[in-house]
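Chemist: sequence isn't available, so here's the structure alone:
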């Protein structure tokens, strides 16, 4: 007989796979880890070995062999209902049973609070949002929960209140999931941040307005063993999804959308989190498709489509002379369309720390400005930034098999620090041409140490 803790861990992995991966042709995690083409850490400088070593700790891989060994026992112990949910073990809580109207007009916040309290305090809980339209003010779903795992099934639509006074107590969050372990958020429903009222009052749109914060639509803070899949999240007030101080996270088959001119509407923002995987998702917003900032480690993005937006960014890092540390990032099989940047690393002068051990490979660029860019002199403010000696160290970066068209003259731009130059940059099999037929794509590579090129690299770094 399996120990209860091991059984529940394996059970969680099994049901999350059955519920959330039906649209995948194969197992994306296994394919990514076992069939990533051409990645050979031994062929690159020694500091790339840490990427390979850290894969041994991948949270999905930890259960792969055990799951195969014990899967018959797990399946035999459960009866499945028509939705594929283990009906004998999961007790569903419906928000309608706690007073939610679901008419898109009534404030259903209190009903959701009551339903969550019941779900989180039950032995094994599933919270269901039916196929209706629910309007919510800011709300926090807090753990820890009594159950060893919890599920939120969103089948309908959750829409944010558009009254900005409702956010007076906390202007940074709308839906906040805090301190929850073994948590699945899934369904074919929609989360709508109703962001128009926030966008038009942004200082980036209305220069007469002061620059203030706006809520992130969905925040997962201090969560562990988290799966988010199948959702449509749109029109965020500011960022769409934020993974903060969380460990062992998978986001897959999600769609994040907002107008191209919506300010600061990052798709997925990763901060202070480890073991994060973003898989088979589409992100079309007004800011970074994916942004990875300080304290993040072991982050993988596989089969992601971006555009419009600002591309996939590491940073910004080091603002205000701060320390920043980001390492072990893999972006594989991405497609970027019409973005203002492709794959970008951006750091402020005066910072410290590092951004290291990163691989960007098998990427298609279509009409992308700045397809490959490192900027250690990033300055996102109205007044010029002062020149400073210290900088976040950038080292151990591989760009491999990146092809497509550049909307800017510079297809490759390395603007590295004079005092802390970029180290260990590898360009392999790069083919970027100008989007305009009568123009040539160029490159500039300033202050780069240990630059290595392999195969055909065009435009050549100069």
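Modeler: Everything's here; your move. Everything quoted here is computed from the prediction, not taken from an experiment. Residues are numbered from 1 along each chain as shown.
Chemist: quick one, what contacts the residue lying closest to residue 274 once chain neighbours are set aside?
Modeler: Spatial nearest neighbour of residue 274, chain neighbours left out: residue 297 (4.8 Å); criterion: CB to CB, 6 or more residues apart in numbering. For glycine as for every other residue, the C-beta is placed from the backbone atoms N, C-alpha and C. Applying CB atoms under 8 Å, 6 or more residues apart in numbering, we find residue 297 in contact with 54, 274-275, 325-328.
Chemist: repeat that with 6 Å
Modeler: For residue 297, the contacting residues are 274, 327-328, taking CB atoms under 6 Å, 6 or more residues apart in numbering as the criterion.
Chemist: same check on residue 242?
Modeler: The neighbours of residue 242, taking CB under 6 Å, 6+ apart as the test, are 216, 219, 269.
Chemist: mind giving me the packing neighbours of the one helix or strand the second one maps to?
Modeler: When elements are defined using DSSP states H and E, residue 219 is found to belong to strand 216-221. The contact analysis (3 or more CB pairs under 6 Å, 6 or more residues apart in numbering; DSSP states H and E) places strand 216-221 against strand 173-178, strand 241-244.
Chemist: which SSE is immediately downstream of it?
Modeler: Read in the C-terminal direction, the helix or strand following strand 216-221 is strand 224-229, with elements assigned using DSSP H and E.
Chemist: just to revisit the earlier point, per-residue pLDDT, the residue nearest to residue 274?
Modeler: Here the pLDDT value assigned to residue 297 is 98.
Chemist: on the three-state scheme, residue 450 is what?
Modeler: When the structure is split into helix, strand and coil by DSSP: H, G, I helix; E, B strand; the rest coil, residue 450 lands in strand.
Chemist: name the helices or strands packed onto the helix or strand containing residue 248?
Modeler: Taking DSSP H and E as the definition, one finds residue 248 inside strand 247-252. Packing partners of strand 247-252 (3+ CB pairs under 6 Å, 6+ apart): strand 224-229, strand 274-284.
Chemist: which residue ranges of the stretch 301-450 of the chain form strands?
Modeler: Assigned strands in the stretch 301-450 of the chain, in chain order: 312-317, 323-337, 343-348, 352-368, 372-378, 393-406, 410-415, 422-434, 442-446, 448-458 (criterion: DSSP state E, counting those that start in this stretch).
Chemist: could you export those strands as CSV, including mean pLDDT, mean neighbour count and distance to residue 98?
Modeler: Converted to CSV, those look like this (pLDDT from 0 to 100; neighbours: other CB atoms under 10 Å; distance: least, CB to CB, whole Å):
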stretch, mean pLDDT, mean neighbour count, distance to residue 98
strand 312-317, 97, 26, 40
strand 323-337, 98, 21, 41
strand 343-348, 98, 27, 45
strand 352-368, 98, 22, 46
strand 372-378, 97, 24, 47
strand 393-406, 98, 23, 50
strand 410-415, 98, 24, 54
strand 422-434, 98, 21, 55
strand 442-446, 96, 17, 59
strand 448-458, 96, 14, 59
